[in-house]
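In: the amino acid sequence is not available; the structure is as follows:
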């Protein structure tokens, strides 16, 4: 999970268990465009969603991993269904699935839940 925001996000995955492997910081590359409104480098671009909302997509050419890879701390060892993803970091997890199909994940920040901010992914 790449967190390009300024806030930590508690990400919950439905019908799947996982283990937190590690986290690593990332920074914008020289290729990242500058947001004229903020003067900050942008690591993602806007994307129109099917529900009429607007999301964003991380652009790999706009980010570079930076710093040491940090193992999950002791309180995150073991199977989870929710993980806190700090800002400016990629959080890596190892997941297991009992069956193929479509699965959903979402942020447990209340205002995100209230606005049905869920995404799905498919396991084959």
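Out: That came through fine. Model, not experiment: these values are computed from the prediction.

In: what ranges does this protein have for its helices?
Out: 110-114 (DSSP state H).

In: tell me where the longest strand sits in it.
Out: strand 17-28 (DSSP state E).

In: quick check: mean pLDDT of that one?
Out: Averaging pLDDT along strand 17-28 yields 96.

In: helices or strands up against it?
Out: Helices and strands touching strand 17-28, by 3 or more Cβ pairs under 8 Å, 6 or more residues apart in numbering; DSSP states H and E, are strand 63-71, strand 89-96. For glycine as for every other residue, the C-beta is placed from the backbone atoms N, C-alpha and C.

In: right, so the ones you listed: which one is the most enclosed?
Out: strand 89-96 (a mean of 16; mean count of other Cβ atoms under 10 Å).

In: which residues does the residue nearest to residue 106 when sequence neighbours are not counted contact?
Out: Spatial nearest neighbour of residue 106, excluding adjacent residues (Cβ to Cβ, 6 or more residues apart in numbering): residue 118 at 4.2 Å. Shown in contact with residue 118 (Cβ atoms under 8 Å, 6 or more residues apart in numbering): 104, 105, 106.

In: repeat for residue 2
Out: Residue 2 touches 26, 58, 63, 90, counting by Cβ under 8 Å, 6+ apart.

In: next one: it from residue 60, what distance?
Out: Distance check for residue 2 against residue 60: by Cβ to Cβ, to the nearest Å, it reads 10 Å.

In: what of residue 32?
Out: Taking Cβ to Cβ, one finds residue 32 at 11 Å from residue 60.

In: show me which of those two is the more surrounded one.
Out: residue 32 (18 against 9; other Cβ atoms under 10 Å).

In: contact partners for the more buried one?
Out: 41, 42, 43, 59, 62, 63.

In: again, 6 Å this time
Out: 41, 42, 43, 62 (Cβ atoms under 6 Å, 6 or more residues apart in numbering).
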